[in-house]
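In: model the following, please.
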Amino acid sequence: MRFVRKLVLVGVVGGLGAGCSGDSTGTSLPDLVGTWHATTAVVTSVANPGTSVNLIALGATLQITFNANLSYTSTITVPGEAPEVSNGTYVETANQLTLHDNSSSGSDTIVFGLGLSGGTLSLTGGTPFTFNFGAGEVPARLDVTAVH
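Out: Prediction:
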């Protein structure tokens, strides 16, 4: 199911960590290494911002493990469906996270705004992303909050 596949990719985002590490330019980067759990995953229609859904509140769970070698594995469980696993690579800057899904069903790339404060990760505006609110796939944005 394409929705769940995208959600897994998003779930990757849902589980990021706290801390800082330096890069060669001296800019601090969030330390995403570890296993993280989404506390919210809100999908909002681009065309109708009043239409949104919090997937976690509906019973979904998102977990992701970010590895030091810049690879990740994520698992999403939606009530009534088998868990789906996704894997790929990630690239981070001080304020952006790019996920490259390399799963067997094809590859997708999603870009998020990235914020990390006090052990809480905020991923905003995941694009490109589509979601079915009940009348077919439409452009949407994804905002995720996660903790370690």
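In: who are the packing partners of the helix or strand where H37 lies?
Out: Element membership of H37, judged by DSSP states H and E, is strand 34-45. Applying 3 or more CB pairs under 8 Å, 6 or more residues apart in numbering; DSSP states H and E, we find strand 34-45 packed against helix 2-14, strand 52-54, strand 61-66, strand 137-147. Any C-beta I mention is one placed from the backbone N, CA and C, and that applies to glycine too.
In: any idea which of these scores lowest on pLDDT?
Out: When these are ranked by mean pLDDT, helix 2-14 comes last with a mean of 45.
In: for A41, see how far away the residue lying closest to T44 once chain neighbours are set aside is.
Out: The spatial neighbour of T44 that comes closest, neighbours along the chain excluded (CB to CB, 6 or more residues apart in numbering), is S52 at 4.0 Å. With distances taken as CB to CB, to the nearest Å, S52 is found 11 Å from A41.
In: same question, S117
Out: S117 is 18 Å from A41, where distance means CB to CB.
In: what about the two, which has more around it?
Out: In this view S117 and A41 are compared by other CB atoms under 10 Å, and A41 has more residues nearby, 27 against 9.
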